[in-house]
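> Next input, structure requested:
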Amino acid sequence: MARTTGPKCRLCRREGVKLYLKGARCESEKCAMNKRPYAPGQHGNARKGRVSGYALQFREKQQAKRIYGILEKQFKMYVDRALKAKGVTGEVLMQELESRLDNMIYKGGFATSRGQARQLIRSGFFELNSSVARTPSIQVKAGDVIKPVNFERIHLRQGFVLPEWIKANVKDKLIQVDRLPSLQEVSDSVNVQLIVEFYSR
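Reported below is the predicted structural model:
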């Protein structure tokens, strides 16, 4: 599986916003965005000037890719599917991204970041509908049940808020996908319209 192996803090600094790629560290004083809130590189602190419309679209696309930990080929596949699907393209795209198994485990509080969620899935820590799932990109549907194989080995994320489209069963220590989220319910600051415009050129 292809993935980005470089420093994650550089990605946040390049986009100019916290992407929460390193879990609890992003909430602490050690976060690189607190110390150096400018783009990385020799001239990162000196970059100024007018930003073109293309640059805005490109940066929004890069930000979404980095939030969900997806490379260009796979991200374009999600966009192509959304463009061909019925309904609002932006909402369909965000539902595709949000319904990934690794994202559901992160939103369910079972991991401190999407990167950690992918690692746990690859190691066989979770069951999807009573079967061990090892593919982070599996598309979860309404009614699907996600449960840790061994709950004692999972450290719940502190201070997380469970989204309205996910139901938690505290007794059985599992979460169930109630429905797919609407565009307004997606908390991550992504301007989907700019992304759709970028790929519709």
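
> make it CA atoms for all contacts and neighbour counts henceforth
Noted.

> Export only the CA atoms of stretch 173-190, formatted as CSV.
These are the backbone C-alpha positions of stretch 173-190, laid out as CSV (Å, rounded to 0.1, in the frame of the first residue of the first chain):
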residue,chain,number,x,y,z
LYS,A,173,-18.3,-2.2,23.1
LEU,A,174,-19.1,-1.6,19.4
ILE,A,175,-20.2,1.2,17.1
GLN,A,176,-22.9,1.0,14.3
VAL,A,177,-23.2,3.2,11.3
ASP,A,178,-26.7,4.7,11.5
ARG,A,179,-26.5,6.5,8.1
LEU,A,180,-24.1,8.4,5.9
PRO,A,181,-23.4,12.0,6.9
SER,A,182,-24.7,15.1,5.1
LEU,A,183,-22.4,17.7,3.7
GLN,A,184,-23.2,20.1,6.6
GLU,A,185,-22.3,17.4,9.2
VAL,A,186,-18.7,16.9,8.0
SER,A,187,-16.6,18.7,10.6
ASP,A,188,-13.3,18.8,8.8
SER,A,189,-12.7,22.2,7.1
VAL,A,190,-12.8,21.2,3.5
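
> Can you give me the domain assignment for this structure?
Recorded structural domains for the chain (assignment: automatic domain parsing) are 8-96+188-199, 100-179.

> which ones are touching the residue most central in space within the chain?
By CA atoms, centre = their mean, the mean C-alpha position of the chain lies nearest to Y68, the distance being 3.0 Å. With contacts taken as CA atoms under 8 Å, 6 or more residues apart in numbering, Y68 has the following neighbours: L97, N103, R114.

> okay, H155: pLDDT?
You'll see H155 listed with a pLDDT of 82.

> Where does it sit: helix, strand or coil?
coil (DSSP: H, G, I helix; E, B strand; the rest coil).

> can you pull the contacts of it?
Neighbours of H155 in contact, by CA under 8 Å, 6+ apart: F110, A111.

> where does it sit relative to V92, distance-wise?
Separation of H155 from V92 (CA to CA, to the nearest Å) stands at 31 Å.

> For the domains of the chain, state which one has the densest average packing.
Greatest average neighbour count among those goes to domain 100-179 (a mean of 17), per mean count of other CA atoms under 10 Å.

> Which SSE is immediately downstream of the biggest helix by length in the chain?
In the chain, with assignment by DSSP state H, the single longest helix is helix 53-68. Note on helix 53-68: by DSSP states H and E, the next helix or strand toward the C-terminus is helix 72-84.

> Let me see the mean pLDDT of that next one.
92.

> what helices or strands is whichever helix or strand comes after that helix leaning on?
Later in the chain than helix 72-84, the nearest helix or strand by DSSP H and E is helix 89-98. Counting contacts by 3 or more CA pairs under 8 Å, 6 or more residues apart in numbering; DSSP states H and E, helix 89-98 packs against helix 72-84, helix 192-199.
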